[in-house]
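1. here are the coordinates; sequence isn't available:
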């Protein structure tokens, strides 16, 4: 396997260029197709969300509307906006498996770190809840720029039992159908040989557009390290990904940061930490 691979998928339809004026026209079209739904979920069905769904569906108003309606149906039942830091079970262990670091990549994109080889101590239901909680937080930084997340996954020590197939499939379904257009790049770091068999299986339920975002990177290859150096500040990037940061995740600091983000998501503070003027 070479140092950096695109997944072996059929090429997808080339993304069309859409001007800002045309984007707004598309957003307005989707709003009309959605009917009363934007009134029901104004926080979710914002222009930035609709733009992200349109971008993921190659600016097809019909396809974006269909996906948004499916997402609305799921959100009514799951209520992801209500998940808070306090709802995450076994925080210290689970955060080590998946967390949002306090640095961005060199293009200003939010980073999500995953370590599936670390054994979870919670149920699959709780793991999915944490995934959704992270995705909700990642949408906070997406703004008007779709594909604003870099997902870096450490596969050192990974085995077939590390990632149950059913949960992987459920996770990809949530990411692709309820949070489309969020992830820009997926970097798979040091997957072992046995991962190739797993990859062939999960390819069947990964959308072609998502497959094209997947990169395989290996720590024993100098060119891989150069790629990571181009993408990240190595003083901030974790050492297992080729960076110089060996401090690890500080659960106390991380807890405070996520609680702060919860308050912002709940409308209790603005992004500068001030109390919302809309509060009574």
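-> Noted; the coordinates are in hand. What you see is a predicted model; the values in this text were computed from it and never measured.
2. What is the helix or strand harbouring residue 49 packed up against?
-> In this structure, residue 49 sits in helix 47-56 according to DSSP states H and E. Packing partners of helix 47-56 (3 or more C-beta pairs under 8 Å, 6 or more residues apart in numbering; DSSP states H and E): helix 20-34, helix 61-78. C-beta coordinates here come from the backbone N, C-alpha and C atoms, glycine included.
3. Low-confidence stretches in the stretch 101-250 of the chain?
-> 142-144 (pLDDT under 70).
4. can you pull the buried residues of stretch 103-119?
-> Buried residues in stretch 103-119, defined by neighbour count with 16 or more other C-beta atoms under 10 Å: 103-105, 109-118.
5. Most widely separated two among these?
-> 104 and 117 (25.1 Å; C-beta to C-beta).
6. Could I get the pLDDT score of residue 266?
-> pLDDT recorded at residue 266 is 82.
7. Would you mind listing the residues in contact with it?
-> Contact analysis of residue 266 by C-beta atoms under 8 Å, 6 or more residues apart in numbering lists nothing.
8. what separates it from residue 77, distance-wise?
-> 20 Å (C-beta to C-beta, to the nearest Å).
9. Residue 135 against residue 171, yeah?
-> No - the criterion here is C-beta atoms under 8 Å, and residue 135 misses it with residue 171 at 9.8 Å.
10. quick one: residue 111 is in a strand?
-> Yes - under DSSP: H, G, I helix; E, B strand; the rest coil, residue 111 falls within a strand.
11. Identify the bridge partners of it.
-> For residue 111, the beta-bridge partners are residue 150 (DSSP bridges).
12. roughly how far apart are it and residue 78?
-> Distance, residue 111 to residue 78, using C-beta to C-beta: 25 Å.
13. go on, residue 125?
-> Distance, residue 125 to residue 78, by C-beta to C-beta: 11 Å.
14. likewise residue 243?
-> Here residue 243 is placed at a distance of 35 Å from residue 78 (C-beta to C-beta).
15. Between the two, point out the one with more neighbours.
-> Under the criterion of other C-beta atoms under 10 Å, the comparison of residue 243 against residue 78 puts residue 243 first, with 18 against 15.
16. quick revisit: can you put the helices and strands packed on helix 47-56 in TSV and add distance to residue 175 and mean pLDDT?
-> Shown next, in TSV, are the helices and strands packed on helix 47-56 (distance: least, C-beta to C-beta, whole Å; pLDDT from 0 to 100):
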stretch	distance to residue 175	mean pLDDT
helix 20-34	21	96
helix 61-78	12	98
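17. what sits against residue 68?
-> Listed by C-beta under 8 Å, 6+ apart, the contact set of residue 68 reads 30, 34, 37, 45, 49, 50, 53.
18. Closest one to residue 257 out of the residues you listed, please.
-> residue 49 (23.4 Å).
19. residues contacting that closest one?
-> 68, 139.
20. how close does it sit to residue 34?
-> Distance of residue 49 to residue 34, given as C-beta to C-beta: 11 Å.
21. neighbours around the spatially closest residue to residue 138 that is not a sequence neighbour, how many?
-> Residue nearest to residue 138 in three dimensions, not counting chain neighbours: residue 149, with 5.2 Å by C-beta to C-beta, 6 or more residues apart in numbering. Neighbour count of residue 149, defined by other C-beta under 10 Å: 25.
22. Surely residue 149 is in contact with residue 113?
-> No - using C-beta under 8 Å as the test, residue 149 is too far from residue 113 to be in contact (11.2 Å).
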